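**Q** Predicted model, plus sequence, below.
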Amino acid sequence: MNREQAYRRMLGATANMQWNIAMMLEAKAEEAEKARHWICNHITAASFLGDQTQIKQTAQINEQVIEVLDGVNKMSQGILSVMKSVLPRSNDGGGDDDGDDEEMLFGMGDMN
């Protein structure tokens, strides 16, 4: 397998991963909407024994949301790493550093 084929496989796998992330987020959004609807209709201030219990329950719900967002962020960072290694970087915009590290990340050479 040559370099171009390897890059194509990496991009294909990345596209599949992005599709799966989208499907998971869609399912999670539907689940969150159902939970929101249930909470709004069934949970009242009288449902809790005190403020501490209410705050604890709210924190648990928010922690779950944060875990989902953290997982999505980590997957996005992985996708970004693949994209940086596969796609060539344009020389627009320059920078102050000498570019050796970035050349190693972005410089693929001629793919033809």
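**A** Noted; the coordinates are in hand. Numbers count the residues shown, from 1 in each chain.
**Q** Find me the pLDDT at residue 68, would you?
**A** In this prediction, residue 68 carries a pLDDT score of 83.
**Q** Figure out the helix or strand that it lives in.
**A** Using DSSP states H and E, the element containing residue 68 is helix 51-86.
**Q** Assign residue 89 to helix, strand or coil.
**A** The local conformation at residue 89, judged by DSSP: H, G, I helix; E, B strand; the rest coil, is coil.
**Q** hang on, the earlier thing: which parts of the helix holding residue 68 count as buried, going by neighbours?
**A** For helix 51-86, a neighbour-count test (16 or more other CB atoms under 10 Å) marks 68, 79, 86 as buried. Placement of C-beta: from N, CA and C, glycine included.
**Q** any chance of those residues in TSV, plus distance to residue 33?
**A** As requested, the buried residues of helix 51-86 are exported to TSV (distance: CB to CB, whole Å):
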residue	distance to residue 33
68	14
79	26
86	36
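**Q** Could you single out the nearest of those to residue 41?
**A** Proximity of those to residue 41 was ranked by CB to CB; the top entry is residue 68 with 23.0 Å.
**Q** Of all residues in the chain, which one is nearest the centre?
**A** Centroid check for the chain by CA atoms, centre = their mean gives residue 72 as the closest residue, at 2.9 Å.
**Q** Quickly note the distance from that one to residue 7.
**A** Distance of residue 72 to residue 7, given as CB to CB, to the nearest Å: 25 Å.
**Q** helices and strands around the lengthiest helix in the chain, which ones?
**A** If each helix of the chain is counted by residues according to DSSP state H, the longest one is helix 3-42. Here helix 3-42 touches helix 51-86, going by 3 or more CB pairs under 8 Å, 6 or more residues apart in numbering; DSSP states H and E.
**Q** Now do the helix it packs on against helix 3-42, angle only.
**A** Here helix 51-86 runs at 160 degrees with respect to helix 3-42, directions being taken by axes from the mean of the first three to the mean of the last three CA atoms, to 10 degrees.
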